[in-house]
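Here is my input, please return the structure:
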Amino acid sequence: MTKYEYMRWLTFPLMTTHLITVRNDIKNLLKLIKRDKANVSVLDVGGRKSPYTINVLADVTLLDVPQESGTREALNLGFTSDILKTIQKKRSNIKDVIIEDMTKSTLPDAAYDAVVCIEVIEHVEEDDVFVKNIAKVIRDGGCAYFTTPNGDYIKNEGPDKNPDHIRHYTRNELQALLEKHFDKAEVRYAVKTGKYRVWGLKSFKKSIKFNT
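Got it, this is the predicted structure:
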């Protein structure tokens, strides 16, 4: 465990319910697909600064788009040279870092035991291709884990909509999308939603639409 990981581990009990719920879900899922004595291979899509897979017993590959000037720079999205220089030093479970757009994936089929995609899909214009490409890289017996804001509560238009998000999915909409590409899909509410959760999802930066 690195110093960075140790410090993050100490703060986890103080983190938000969402973070704790997601981390516990991921750890429980990985236990179900444990491959003999080897670590499970996990692709963390959009996880350049993700706290969700820190200290998780897995070989983690981080995938994200490059941070370009303009939209992604303004929203602090994608990999930067500084992140690439330091991330593998900070985290002991990082096996690889890939700079790529998942909607244009060149990854081989059945390359990972699991894919996690935390608060990313709502930013993706081509969400059908995005989910399709994620499903393709998962081995038999593996799984994908997504989180996204609750579209049954946060509408796609109006004052509650985060200006950085392309869409918010209702439970039925997300279920239908996932069922197109996975044999089995389960969509559930993870944490209680309310006005403070909505405020936490809002961006304080300039509103800019973008493609990931």
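
Have a look at the protein and report the helix or strand with the lowest mean pLDDT.
Within the chain, no helix or strand scores below helix 71-74, which has a mean of 46 by mean pLDDT, DSSP states H and E.

so for whichever helix in the chain runs longest, what's the average pLDDT?
Longest helix of the chain, by residue count under DSSP state H: helix 17-32. For helix 17-32, mean pLDDT is 89.

How about stretch 174-192?
On average, stretch 174-192 scores 91.

roughly how far is that stretch from the heart of the chain?
Stretch 174-192 sits 15 Å away from the centroid of its parent chain (C-alpha atoms, centre = their mean, to the nearest Å).

Tell me the buried residues in it?
Buried residues in stretch 174-192, counting neighbours by 16 or more other C-beta atoms under 10 Å, are found at 174, 177-178, 181, 185, 187. Placement of C-beta: from N, CA and C, glycine included.

Just those residues: which are in helices?
Per DSSP H, the buried residues of stretch 174-192 map to helices at 174, 177-178.

Including distance to Thr106, could the residues you listed go into TSV?
Formatted as TSV, these follow (distance: C-beta to C-beta, whole Å):
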residue	distance to Thr106
Leu174	26
Leu177	23
Leu178	23
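
mind showing which ranges of this structure have poor pLDDT?
Along the chain, the model assigns pLDDT under 70 to residues 35-37, 48, 67-85, 155-162, 191-212.

swap the cut-off to 80 and go again
16-17, 34-38, 47-50, 66-89, 154-164, 190-212 (pLDDT under 80).

what lines up beside the strand ranked longest in it in the sheet?
When the chain is parsed with DSSP state E, its longest strand is strand 138-147. Strand 138-147 pairs in its sheet with strand 112-118 (parallel), by DSSP bridges.

mind listing the helices in the protein by residue range?
For the chain, the helices defined by DSSP H occupy 3-11, 17-32, 71-74, 81-90, 127-136, 171-179, 195-201.

could these go into TSV alongside distance to Lys104?
Formatted as TSV, the helices of the chain follow (distance: least, C-beta to C-beta, whole Å):
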stretch	distance to Lys104
helix 3-11	31
helix 17-32	26
helix 71-74	15
helix 81-90	20
helix 127-136	8
helix 171-179	19
helix 195-201	27
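
circling back to that earlier point, go through the buried residues of stretch 174-192 and name the one nearest Pro108.
Closest approach between the buried residues of stretch 174-192 and Pro108, by C-beta to C-beta: His181, at 17.1 Å.

could you list every residue that touches the closest one?
His181 makes contact with 131-132, 134-135, according to C-beta atoms under 8 Å, 6 or more residues apart in numbering.

ok, now how distant is the closest residue to Ala185 other than its chain neighbours from Tyr145?
Spatial nearest neighbour of Ala185, excluding adjacent residues (C-beta to C-beta, 6 or more residues apart in numbering): Leu178 at 3.7 Å. From Leu178 across to Tyr145, the span is 11 Å (C-beta to C-beta, to the nearest Å).

Endpoints of stretch 93-103, how far apart?
25 Å (C-alpha to C-alpha, to the nearest Å).

do the same with stretch 99-107
Stretch 99-107: ends 11 Å apart by C-alpha to C-alpha.

same deal with stretch 7-27?
19 Å.

Go through it and flag the buried ones.
8, 18-19, 22-23, 26.
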